[in-house]
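[1] need coordinates for the below:
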Amino acid sequence: MCAAGIDLGGTKSEVQLFDQQWRQRDVRRDPTPRTYPELVELLATQVHWALERAQGSVPIGLGAAGLLYPDGTSFTANLPVKGQTLLDDLIRSAGHSVTYVNDCRAMALSEAIYGAGRGYTTVMALILGTGVGGGIVQHGRLLPAGPSGTGGEFGHMPASALVAQSNGLPSRPCGCGRLGCAETYIAGPGMSALALHLTGEQLTPEQIVARRHSDEAINEVWAVWVSFTADLLLSLVQVVDPDVIVLGGGLSQIPGVCEALSKGLAATQIRGFGIPRIVLAEGGDASGARGAAMAALAAGGSQDHA
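    Model prediction:
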């Protein structure tokens, strides 16, 4: 076997074992525990399971939402790990090195090499779900998160002030402690907040999408969401200028989202210049675990987070 990856989410933790051709050879899924001690115990059990199935030592990666602070403590909204030294505690409990990588960056690496971004020099992935994040892969290598570890936190870039002001929208508080982060408008809860502010209705993203073509007020909510998201993409394009942008997450499954964002991005781009292709991720549920495994192999099984 080549490597193993754990994709840790708010509802399930999935460990996958891959061979040298990055084909999935085995998989185990468990519900994500609600308490920190139980979570560490489960992850250690999944590490031991992977080592047993691999019949030897293999690099193991852990892909999870959120950040690691410089002191090793964790920050994330959807897991019981805030303020805990998850990686250190897991390594101590499992007795085996584990490489941490943000789940969005793991998806970016997997999609760049084995998914919708294969064949391109510079690939940017953007996850649009309960939160917003991403990663950048260039020449097959995941760009580091940087000295602060916050690289790829696209959802915490400032939202477009122009779009907010022109629609009379207030600066919304973000879970990171700041005001006006992009994900407060374009993540799933942000889309619902837009609907509440603009129409007075409490609507889920699914309800907004279902009514956008038949209800003028709801269609305006959709248009504002597209404007916010396109402006975020423009900021990213002007910094990186990727060949392709790969979309993942629940909101990426909205019918026509790639076309709508391509049109919105083209409208905001500097006149006379092109835009990258915007495509959907291909890897499905395997992308996160595969990317975590790839990051672990690239790190040589070290503890350094990618």
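
[2] hang on, isn't Met294 packed against Pro59?
    No - assessed by CB atoms under 8 Å, Met294 is found out of contact with Pro59, at 9.2 Å. From N, CA and C alone the C-beta is placed, and that goes for glycine too.

[3] name the residue in those two with the higher neighbour count.
    Met294 (28 against 23; other CB atoms under 10 Å).

[4] shared neighbours, Met294 and Pro59?
    Ala3 (CB atoms under 8 Å, 6 or more residues apart in numbering).

[5] on the three-state scheme, the residue lying closest to Ala267 once chain neighbours are set aside is what?
    Nearest non-adjacent residue to Ala267, counting by CB to CB, 6 or more residues apart in numbering: Ala230, 7.2 Å away. Here Ala230 is recorded as helix under DSSP: H, G, I helix; E, B strand; the rest coil.

[6] distance of Ala4 from Trp49?
    9 Å (CB to CB, to the nearest Å).

[7] now the common contact residues for these two.
    Common neighbours of Ala4 and Trp49 (CB under 8 Å, 6+ apart) are Val15.

[8] between these two, which one's more packed in?
    Taking other CB under 10 Å, Ala4 and Trp49 do not tie; Ala4 has more neighbours (30 against 16).

[9] in the host helix or strand of Val237, which residues are buried?
    Element membership for Val237 (DSSP states H and E) is helix 216-240. Under the neighbour-count criterion of 16 or more other CB atoms under 10 Å, helix 216-240 has 218, 220-222, 224-234, 236-237 buried.

[10] helix or strand right after that helix?
    Next in sequence after helix 216-240, counting helices and strands by DSSP H and E, comes strand 244-248.

[11] for the next helix-or-strand element following that next one, packing partners?
    Using DSSP H and E, the helix or strand that follows strand 244-248 in sequence is helix 257-268. Here helix 257-268 is seen to pack against helix 216-240, strand 244-248, strand 277-280 when contacts are counted using 3 or more CB pairs under 8 Å, 6 or more residues apart in numbering; DSSP states H and E.

[12] so which of the ones you listed is nearest Asp30?
    With CB to CB, the closest approach to Asp30 among these belongs to strand 244-248: 22.4 Å.
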